[in-house]
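[1] Build me a model from this:
(one chain, ligands or ions: 1)
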Amino acid sequence: MNKETILLIEDEKNIFELLKYNLQKEGFKIFWAPDGKEGLELFSREKPDLVLLDLMLPGLDGLEVCRRLREKAGFSVPIIMLTARSDEIDKILGLEMGADDYITKPFSVRELLARIKAALRRTQTPEKGEKISRGFLELIPEEFSAIFHNRELTLTPKEFSLLYLLCKHPGKVITRENALETVWGYEYYGDTRTVDVHVRQIRQKLEQIAPDENPIETLRGIGYRWRG
Ligand code: CA
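    Model prediction:
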């Protein structure tokens, strides 16, 4: 059986040692690069199933490495950012070429493992042949295709999944907790701000095409609803 492989790009060797022990125990194979340049080389050579990427790296910083990884692999390989700074979260999640997820240091290995497994699960393909039409929006999950007013929306996988969740239940309230559980697939330790960041991104993209339509309604303190 092929082991799933994880690439860790992180300059702190003790984090590698800690993760190596724990990930191997869980049946993963782990590669380590102490900086972005080596990380990008290892990525091309080993084609890992998932990348753990430190934000603060010597040389190329984590966001630049993330951007270049996306150029190489599109969104087929999940990237989880490791960061010591919670004020960077908006930046990490909001970026067009952004990470799929993040975890702040110091983190628990158990939590990181849960996120790794959830991210790997999400890369599996959605149900076949499904198509959703809501007004001027059309979603084809299988192809990650979103067309709005006959124009292609460029969405990250999380944005797509969130939009899909909203459209699948038009007129119904999707609570932020519900969105976390469905889109992120695990207990997110109550960080519902993640959902708000993603909804904001989706809205901006919809507004670029139809500025006045505002199809996603906010229910303050509760969640969101696709009008219709
Ligand atoms: Ca570091």
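[2] Close to the ion: what parts of the chain are there?
    Residues of the chain found near the ion (CB under 5 Å from the ion) are D11, D54, M56. (Each C-beta comes from the backbone N, C-alpha and C, glycine too.)
[3] If burial is judged by neighbour count, which of those pass?
    Buried members of the residues of the chain next to the ion, counted by 16 or more other CB atoms under 10 Å: D54.
[4] which regions of the chain lie under the pLDDT threshold?
    For the chain, the stretches with pLDDT under 70 are 1-2, 73-76, 86-98, 122-128, 185-190.
[5] on that earlier part again, now the residues of the chain next to the ion in JSON lines, with secondary structure?
    Shown next, in JSON lines, are the residues of the chain next to the ion (DSSP: H, G, I helix; E, B strand; the rest coil):
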{"residue": "D11", "secondary structure": "coil"}
{"residue": "D54", "secondary structure": "strand"}
{"residue": "M56", "secondary structure": "coil"}
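[6] For the residues of the chain next to the ion, could you give me JSON lines that also reports distance to D100?
    JSON lines is the format used below for the residues of the chain next to the ion (distance: CB to CB, whole Å):
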{"residue": "D11", "distance to D100": "22"}
{"residue": "D54", "distance to D100": "15"}
{"residue": "M56", "distance to D100": "19"}
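[7] now, among the residues of the chain next to the ion, which is nearest to G129?
    The closest of the residues of the chain next to the ion to G129 turns out to be D54 (CB to CB; 40.0 Å).
[8] Before I go, just wanted to say thanks for your time.
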